[in-house]
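**Student:** Need a 3D model of the sequence below.
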Amino acid sequence: MNKPKVNVVLATYNGEKFLTRQLDSVVNQTYENIDIYIRDDGSVDGTVAFIEEYIRQDQSGRKFVFWHGEGENLRCPSSFYEILRRCETADYYAFCDQDDEWYPEKFGWAVERLEQEKQDEILLYYTACDYYTDQGVLIRRSPQQKEHLELTDVLYYTPGSGFTMVFNETARRRLLQEVNPGQELHDRWMIRGAVCFGKVIYDGRSSAAHIRHEAAVTAGDAGAGSLIRNFVREELMGDEAKQEKEFLRYFREAFGGSLTSEQKRVLDLFAAEGCSVVRWFRKVFYPWRLRTRTAGEIALRFLFVFGKI
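**Tutor:** Alright, predicted model coming up:
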């Protein structure tokens, strides 16, 4: 088979009732050369038995590798990273959530575009997606993203969701094997690394449906009011903003020797310990947007004003 190999990286946890739709959408991809690596993160429902039966009955000819014997709960993103450390080498890799649905052309589009680039540099491809309720009602489509991203675009915002991303072996090696990615979410870590050290490719076509289950729909899809409430609860009153700053500081330390002087300057401004009057002023009145949605940008500036980050 001459087509480049794609490894699907699926981390599961108590996902028995969601997995049929996602696994069906993976095995039914129009692209042929796909291997599927699954690691269960210590599920206590019937997830393990469901996956074993699904693999036993599968007639697609896809290669499945399923790890579940450890029973260790690494949580996200560590379970994804563990799969990427253990799986065989491929040309490309794709994060896979357990409760979404991929459109059939996803990998065909990704490989076609990625194969136009030099493989000795970090490449990360991502697409738009559609948000649905678990009753099949369309909530919205992800917003149009910039064709060219700067570091400031990926400090406090993730333009692409992990389940829409496909990245090459160079990206896996340089961003996940040669350094410890820590505990920052996998999609934010990967896209920031690709922005700083490689190339990010955006495809405005939707490659997947992200299913927002009833308990989660209002958290991120109900408009500015929901964003503001989440800001007060999680960022202003909670520790989420402080954690984001710690992630930026960790990224700065992990890649310090490879960053440009401008990238170091930006990270030092937003991630450095302490806050002088000059640094406070520069953050509060930073001239470029750091989040795409207005409510999110206002919330971030309030965090700067109050010295939260």
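**Student:** Show me the helices in the stretch 201-309 of the chain, by range?
**Tutor:** With DSSP state H, counting those that start in this stretch as the criterion, the stretch 201-309 of the chain has helices at 217-221, 224-230, 240-254, 261-271, 277-284, 294-305.
**Student:** what mean pLDDT would you report for the fourth one?
**Tutor:** The average of the pLDDT scores along helix 261-271 is 96.
**Student:** Sort out which residues of it are buried, please.
**Tutor:** By neighbour count with 16 or more other Cβ atoms under 10 Å, helix 261-271 contains the buried residues 263, 266-267, 270-271. Bear in mind the C-beta positions are built from the backbone N, C-alpha and C, glycine included.
**Student:** nearest to Thr164, of the helices of the stretch 201-309 of the chain?
**Tutor:** For Thr164, the closest of the helices of the stretch 201-309 of the chain is helix 217-221, at 15.6 Å, according to Cβ to Cβ.
**Student:** Rounded mean pLDDT for that closest one, please.
**Tutor:** Taken as a whole, helix 217-221 has a mean pLDDT of 41.
**Student:** And stretch 152-166, by the same measure?
**Tutor:** Mean pLDDT, stretch 152-166: 96.
**Student:** Run the chain-centre distance for it.
**Tutor:** Its chain's C-alpha centre and that of stretch 152-166 lie 6 Å apart, by Cα atoms, centre = their mean, to the nearest Å.
**Student:** First-to-last residue distance for it?
**Tutor:** End-to-end span of stretch 152-166 (Cα to Cα, to the nearest Å): 22 Å.
**Student:** Indicate which one of the helices of the stretch 201-309 of the chain is closest to Val166.
**Tutor:** Of the helices of the stretch 201-309 of the chain, nearest to Val166 by Cβ to Cβ is helix 240-254, at 21.8 Å.
**Student:** Run through who's touching the closest one.
**Tutor:** Helix 240-254 is contacted from outside by 155-156, 179-184, 188-189, 192, 234-235, 259, 264, 267-268, 270-273, 303, 308-309, using Cβ atoms under 8 Å, 6 or more residues apart in numbering.
**Student:** Next: stretch 180-188.
**Tutor:** Contact with stretch 180-188 is made by 76-78, 80-81, 95, 154, 158, 160-162, 165, 175, 189, 247, 250-251, 254, as judged by Cβ under 8 Å, 6+ apart.
**Student:** which ones among those are found in helices?
**Tutor:** Assigned to helices by DSSP state H, the following of the contacts of stretch 180-188 qualify: 78, 80-81, 189, 247, 250-251, 254.
**Student:** So in the protein, where's the weakest helix or strand by average pLDDT?
**Tutor:** Each helix and strand of the chain was given a mean pLDDT (mean pLDDT, DSSP states H and E); the minimum falls on helix 217-221 at a mean of 41.
**Student:** Report the separation between Glu32 and Ser206.
**Tutor:** Glu32 sits 22 Å away from Ser206 when distances are taken as Cβ to Cβ, to the nearest Å.
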